[in-house]
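1. Give the three-dimensional model of this entry:
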Amino acid sequence: MMESVERSSTLTNALLALAILFSSGIAAGQPKGQPVPNADQRGRRVIDDAVAALGGSKFLTMEDRIESGRAYSFYHEQISGLSIARIYTRYVTVAAGKTGEDLGVRERQAFGKNDDWAVIFREDGAWEVTFRGSKELPKDRFERYRDSTLRDIFYILRQRLDEKGMTFESRGLDVYENQPVEIVDITDSQDRTITAYFHQITKLPVGQMYSWRDPKTRERNDEVSRFARYREVNGIEWPHQITRERNGDKVYEIFSESVTMNQDLTDDLFDQSALQKDSRPRRK
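-> Numbers count the residues shown, from 1 in each chain. Down below sits the predicted model:
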């Protein structure tokens with residue numbers, strides 16, 4: 001009998017301790033959809049900590065980047081494509097007040113051992129480029145790239161932090177992919193919102209999600225990105241594994257074997273007129 005009473009008392013104490021943890025937000029974080037006290041101030045602090053963890057001023061002044069590795073595409077969770085990939089990214093200046101409208105980046109996604117096929121995204125459009133020449137991609141393909149870039153957490157931290165109307169609202173602590181995180185909702189003046197997850201210890205982004213509607217079908221799509229295998233490159237922390245899912249299905253994954261920064265990439269790498277015979281980075 002005494003043993004039963006002791007067991008009951010122990011269970012009650014354990015449940016009480018667990019309840020205290022949940023009410024304080026330590027075990028499971030703030031309930032989803034419920035802002036924490038001083039949510040804007042706390043959210044901005046999480047954002048500032050993330051920028052510092054990524055490299056601070058070195059991250060904010062990063063001019064370009066080359067990610068080289070293996071890229072996979074998926075269809076219904078099955079690998080539908082595999083290629084050697086090099087992603088060339090160059091940041092460009094955006095006019096004041098236009099950071100939420102105009103793209104401040106140019107990107108060249110090159111595939112194959114010799115970069116013999118590429119897709120180029122510029123602020124004024126997108127093109128597929130081969131040795132035969134270039135072909136402009138449909139406007140909706142460019143608009144999807146533009147929208148996803150404007151919602152990308154690394155792009156937001158690099159290009160949009162001081163944008164008028166941008167808010168950062170903390171949603172408290174939680175567990176995401178078995179990692180302790182702080183959740184922040186980021187919303188711009190056009191009501192585009194992403195939910196970003198930052199590791200509580202490293203302060204680095206480990207994931208993000210947002211929703212969008214197909215302009216033709218009006219169906220809702222949920223986009224999720226995960227970031228892992230961070231490594232320091234020239235004082236900047238950058239994920240070497242990026243995974244993207246749409247509506248619960250994995251659609252893309254890249255494993256970077258090397259990442260380089262500030263290589264003085266020149267305009268000809270992002271010239272849609274022809275495929276570069278030698279795609280090694282050219283200096284200004």
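2. chain center to stretch 100-112: distance?
-> 14 Å (Cα atoms, centre = their mean, to the nearest Å).
3. for that stretch, what is the average pLDDT?
-> The average pLDDT for stretch 100-112 rounds to 92.
4. What are the buried residues along that stretch?
-> Neighbour counts over stretch 100-112 (16 or more other Cβ atoms under 10 Å) mark Gly100, Leu103, Gly104, Val105, Arg106, Glu107, Arg108, Gln109, Ala110, Phe111 as buried. Every C-beta, even on glycine, is put in place using the N, C-alpha and C of the backbone.
5. Just the closest of these to Phe168, please.
-> Nearest to Phe168 among the buried residues of stretch 100-112, counting by Cβ to Cβ, is Gly100 at 14.5 Å.
6. quick check, nearest of the buried residues of stretch 100-112 to Arg171?
-> Closest approach between the buried residues of stretch 100-112 and Arg171, by Cβ to Cβ: Gly100, at 22.0 Å.
7. Bridged to Met261, which residues?
-> Beta bridges link Met261 to Arg65, judged by DSSP bridges.
8. same deal with Ala118?
-> For Ala118, the residues forming beta bridges with it (DSSP bridges) are Ala110, Val129.
9. picking that back up, how about the buried residues of stretch 100-112 in JSON lines, adding distance to Thr193?
-> Putting the buried residues of stretch 100-112 into JSON lines (distance: Cβ to Cβ, whole Å) gives the following:
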{"residue": "Gly100", "distance to Thr193": "13"}
{"residue": "Leu103", "distance to Thr193": "19"}
{"residue": "Gly104", "distance to Thr193": "20"}
{"residue": "Val105", "distance to Thr193": "21"}
{"residue": "Arg106", "distance to Thr193": "26"}
{"residue": "Glu107", "distance to Thr193": "23"}
{"residue": "Arg108", "distance to Thr193": "29"}
{"residue": "Gln109", "distance to Thr193": "26"}
{"residue": "Ala110", "distance to Thr193": "32"}
{"residue": "Phe111", "distance to Thr193": "32"}
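10. For Glu182, which residues are in contact?
-> Shown in contact with Glu182 (Cβ atoms under 8 Å, 6 or more residues apart in numbering): Val46, Ser170, Gly172, Leu173, Asp174, Tyr197, Phe198, Gln200.
11. Among the residues you listed, which lie within helices?
-> Val46 (DSSP state H).
12. What is the nearest of the contacts of Glu182 to Val129?
-> Nearest to Val129, judged by Cβ to Cβ, of those is Tyr197 at 35.2 Å.
13. Pretty sure Ser273 sits against Arg122.
-> No: counting by Cβ atoms under 8 Å, Ser273 does not reach Arg122; the two are 11.9 Å apart.
14. more neighbours, these two?
-> Under the criterion of other Cβ atoms under 10 Å, the comparison of Ser273 against Arg122 puts Arg122 first, with 19 against 10.
15. how far away is the more buried one from His199?
-> Using Cβ to Cβ, to the nearest Å, one obtains 33 Å as the distance from Arg122 to His199.
16. picking up where we left off before, ok, so of the buried residues of stretch 100-112, who is nearest Asp191?
-> Gly100 (10.8 Å).
17. State the helix or strand in which that closest one lies.
-> Assigned by DSSP states H and E, Gly100 belongs to neither a helix nor a strand.
18. thinking Ser225 is in contact with Thr243, fair?
-> Yes: Ser225 lies in contact with Thr243 (Cβ under 8 Å); the separation is 6.9 Å.
19. More neighbours: those two, which one.
-> A direct count of neighbours by other Cβ under 10 Å for Ser225 and Thr243 places Ser225 higher, at 23 against 19.
20. Now do the same contact list for the more buried one.
-> Asp152, Ile153, Gly207, Gln208, Met209, Ile242, Thr243, Arg244, Glu245.
21. residues touching Arg108, list them.
-> Contacts of Arg108 (Cβ under 8 Å, 6+ apart): Arg86, Ile87, Tyr88, Ala118, Val119, Ile120, Phe121, Leu269, Phe270.
22. So the second one sits against Ile66, correct?
-> Spelled out, it's Ile87. Yes: between Ile87 and Ile66 there is a contact at 7.2 Å, judged by Cβ under 8 Å.
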